[in-house]
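Participant: Fold the following, please.
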Amino acid sequence: MPKKSLAEISKEMAGIDIAILSTHTENGEIANRPMSNNGDVAYDGTSYYFTYEQARTVSDIQRNPKVALGFSSEAGLFSKGIYLAVEGTAELIRDKAAFQQHWTSDLDKWFENGIDTPGIVLIKVKAKRITWTGRDEGEVVI
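Facilitator: I've put the predicted structure just below:
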């Protein structure tokens, strides 16, 4: 099985904006929803996503912090395309200083008062295992 470093994985992820975040619901089902990485793609095994306190995502994570992320990129003339599956643990952050570190102006269209938007939450996902497929496949355990 081919090996890749986190730096190589980060380079492959650089143009992927949307991830599918999967959580466990209260009845044990799996819920999936698209989430933007906000251009925060210097990937070191940790991903960040903004949402609202009342979102089911938040209650799912409070109940069970084990989550998964799915990423895919299209193959093209200058790219090979890749599908990444990340297994990890989520943490809910409600600190404005942390919001500021991961904020981009593109988020203003979703959160009208920026980091001062009432009920905003930052989801931090720390990867434990990453698998990929594309022209090759492999796994990194963190």
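
Participant: Could you list everything the residue most central in space within the chain pairs with in the sheet?
Facilitator: Of all residues in the chain, the one closest to the mean position by Cα atoms, centre = their mean is Ser47, 4.5 Å from it. Ser47 forms beta bridges with Val125, as assigned by DSSP bridges.

Participant: do the one 5 residues further on as well
Facilitator: When assigned by DSSP bridges, Tyr52 has beta-bridge partners Ile120.

Participant: What residues does it make contact with?
Facilitator: Listed by Cβ atoms under 8 Å, 6 or more residues apart in numbering, the contact set of Tyr52 reads 58, 119-121. (C-beta placed from N, C-alpha, C; glycine too.)

Participant: Lys124 too?
Facilitator: 46-48, 90-93.

Participant: Which of those has the largest number of neighbours?
Facilitator: Of all these, the highest neighbour tally under other Cβ atoms under 10 Å goes to Ser47, namely 26 neighbours.

Participant: was I right about it contacting Leu69?
Facilitator: Yes: judged on Cβ atoms under 8 Å, Ser47 makes contact with Leu69 at a distance of 6.3 Å.

Participant: what residues are shared contacts of the two?
Facilitator: Common neighbours of Ser47 and Leu69 (Cβ under 8 Å, 6+ apart) are 19, 86, 88, 125, 127.
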